[in-house]
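# 3D, please:
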Amino acid sequence: MAQVSNINALKYIFEETLALVNATNKKIAWYGKTSYTDVIQKALLHHGKRIHYVIEQNKAYHGDILYDNLLVVPMDFSMKRHEANVLYIIHAEDAVEIKDALCAMGIDACHICIIICRTHAVQKAYQTFNKELQFLKKMSLREIQNTLFNLLVVFRNFCNAHQLRYFLGGGTLIGAARHKGFIPWDDDVDVFMPYEDYLRFIDIYPRNERYEVIHWRTGYNDAFDIAGFADNETTLLDGRFLSVRKKPLTMCIIPLNGAPKEPIAFEKYITKKAALDFMWYKHMNERDLLGDAVPDMREDIEQAKRDMPYEGSEVVVQLHDFVKEPFFKLKSIIFNEVREKFVKQRFLYKKYVSKEYFKDSIQMEFEGELFSVPVMWHEYLMQIYLLDYRMLPPEERRYTHDRMCYFN
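Residues are numbered from 1 along each chain as shown. Model prediction:
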């Protein structure tokens with residue numbers, strides 16, 4: 001069985017915050033509205049404590065109301081109200097500069113506390129796992145690619161034997177089209193599956209084998225709502241957002257869902273999906289901090305995301321997108337209030353994909369074997385990647401995940 005463990009770096013931020021709050025009777029002013037301020041507030045309330053307000057330099061956030069009526073206010077809010085009994089908690093990388101700015105406003109330095117920042121909290125989580133893995137053999141890029149290729153072959157053979165549809169996707173499809181194998185610097189594999197096939201694959205693939213499906217439906221507390229197909233004879237350190245997870249090396253299986261064809265309806269749909277992606281991220285942070293004290297909403301969130309089936313739809317969309325920072329910077333996450341620039345640049349053009357691209361599959365070579373790709377793979381790649389995918393990008397744009405992988 002796959003060994004999956006997680007350290008959410010948010011716990012280090014919360015532990016230091018809780019220690020300070022428990023040691024004072026002052027009001028708490030938290031510096032900076034972040035994607036996880038709500039989560040910190042909810043966890044503090046669980047312990048009978050709270051943040052009283054959030055101070056923020058960005059005027060666009062002033063007046064925002066977060067969890068439990070937590071108000072975002074200007075930096076000098078307490079000074080204008082002549083409140084002296086306030087403890088300021090800063091957890092930013094530029095904490096010293098922020099502290100100096102608060103002191104320049106007349107706030108006593110003894111009322112300002114600096115705690116671990118997000119970057120250092122994530123580093124601390126990595127360091128904890130690195131101690132456990134220091135005696136394992138680290139995998140080279142080519143060894144990672146070979147392991148992923150073996151996973152892909154096992155996955156393909158199982159799908160063919162059980163009449164399950166799949167398509168190479170993302171950089172894996174570019175690699176097949178341009179290199180007949182891996183992009184030389186790439187270290188992951190992505191495949192797409194129509195949602196109905198995706199659920200069936202998760203349900204019927206055998207448990208407790210060398211190769212295994214890692215997904216929340218199969219009992220694993222992974223950060224994402226997509227399935228990973230794992231090699232249990234390997235270990236991967238995977239850090240996304242605030243979570244660092246130790247798990248087997250996996251290839252990603254990304255479900256395809258239906259979507260409205262009419263552009264305005266599609267915009268509303270994709271906005272809703274983005275908000276649900278954010279809700280998933282926030283929910284997993286809450287469960288990492290509070291465990292079963294937070295009711296499990298994963299089924300509800302996923303059901304809301306897949307309200308249009310793949311079959312019968314003229315437009316398809318990836319059911320999952322890793323939540324990116326621009327979404328956190330929005331003033332509101334109400335479904336129909338996402339800013340036009342974000343929606344159109346981040347989602348609309350690149351995600352509005354005709355079902356015609358996937359109406360059938362053809363075989364394409366990848367590392368000497370044949371795999372299924374969308375019948376209109378060229379049109380798909382030209383739309384998604386905009387520039388000519390056949391051209392090698394300049395060296396500074398040859399991105400890798402720089403994965404930390406080990407043989408067990």
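
# The strand ranked longest in the chain pairs with which strands, parallel or anti?
Once the chain is assigned using DSSP state E, the strand that runs over the most residues is strand 243-259. The pairing partners recorded for strand 243-259 under DSSP bridges are strand 5-8 (antiparallel), strand 190-194 (parallel), strand 227-240 (antiparallel), strand 315-318 (antiparallel).

# tell me what the helix or strand following the first one is packed against?
Elements were assigned by DSSP states H and E; along the chain past strand 5-8, the next helix or strand is helix 10-22. Applying 3 or more Cβ pairs under 8 Å, 6 or more residues apart in numbering; DSSP states H and E, one finds that helix 10-22 contacts strand 27-31, helix 37-46, strand 86-90, helix 118-133, helix 263-290. In short, each C-beta sits where N, CA and C put it, glycine included.

# Contacts only, for Phe371.
By Cβ atoms under 8 Å, 6 or more residues apart in numbering, Phe371 lies in contact with Leu152, Arg156, Leu168, Ala176, Gln363, Met364.

# Next, the buried residues of the helix or strand hosting it.
Using DSSP H and E, Phe371 sits within strand 369-374. Buried residues in strand 369-374, counted by 16 or more other Cβ atoms under 10 Å: Phe371, Ser372, Val373, Pro374.

# Export it to PDB, keeping only CA atoms.
Provided in PDB are the C-alpha atoms of strand 369-374 (Å, rounded to 0.1, in the frame of the first residue of the first chain):
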ATOM      1  CA  GLU A 369       5.500   2.600 -27.600                       C
ATOM      2  CA  LEU A 370       2.100   3.700 -28.900                       C
ATOM      3  CA  PHE A 371      -0.400   5.600 -26.800                       C
ATOM      4  CA  SER A 372      -3.700   7.300 -27.400                       C
ATOM      5  CA  VAL A 373      -3.800  11.000 -28.200                       C
ATOM      6  CA  PRO A 374      -6.800  13.200 -29.300                       C
END
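
# Which residue ranges make up each domain of this structure?
5-124, 136-407 (automatic domain parsing).

# Next, the buried residues of stretch 356-368.
Quick answer for stretch 356-368 (16+ other Cβ under 10 Å): Tyr357, Phe358, Ser361, Met364, Phe366, Glu367.

# The host helix or strand of the fourth one - what's its average pLDDT?
Secondary-structure assignment from DSSP H and E places Met364 in strand 361-366. Predicted confidence along strand 361-366 averages 98 (mean pLDDT).

# Specify the angle between that strand and strand 369-374 in degrees.
Going by axes from the mean of the first three to the mean of the last three Cα atoms, to 10 degrees, strand 361-366 is angled at 140 degrees with respect to strand 369-374.

# Give the other helices and strands that strand 361-366 contacts.
Right, strand 361-366 is packed against strand 167-168, helix 170-179, strand 369-374 by 3+ Cβ pairs under 8 Å, 6+ apart.

# Put together JSON lines for the ones you listed, with mean pLDDT and distance to Arg298 on each row.
Listed next are the helices and strands packed on strand 361-366 as JSON lines, based on pLDDT from 0 to 100; distance: least, Cβ to Cβ, whole Å:
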{"stretch": "strand 167-168", "mean pLDDT": "98", "distance to Arg298": "26"}
{"stretch": "helix 170-179", "mean pLDDT": "96", "distance to Arg298": "24"}
{"stretch": "strand 369-374", "mean pLDDT": "98", "distance to Arg298": "29"}
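
# so which of the ones you listed gets nearest Phe266?
strand 369-374 (19.6 Å; Cβ to Cβ).

# and after the closest one, which helix or strand comes next?
Following strand 369-374 in sequence, per DSSP H and E, is helix 377-385.
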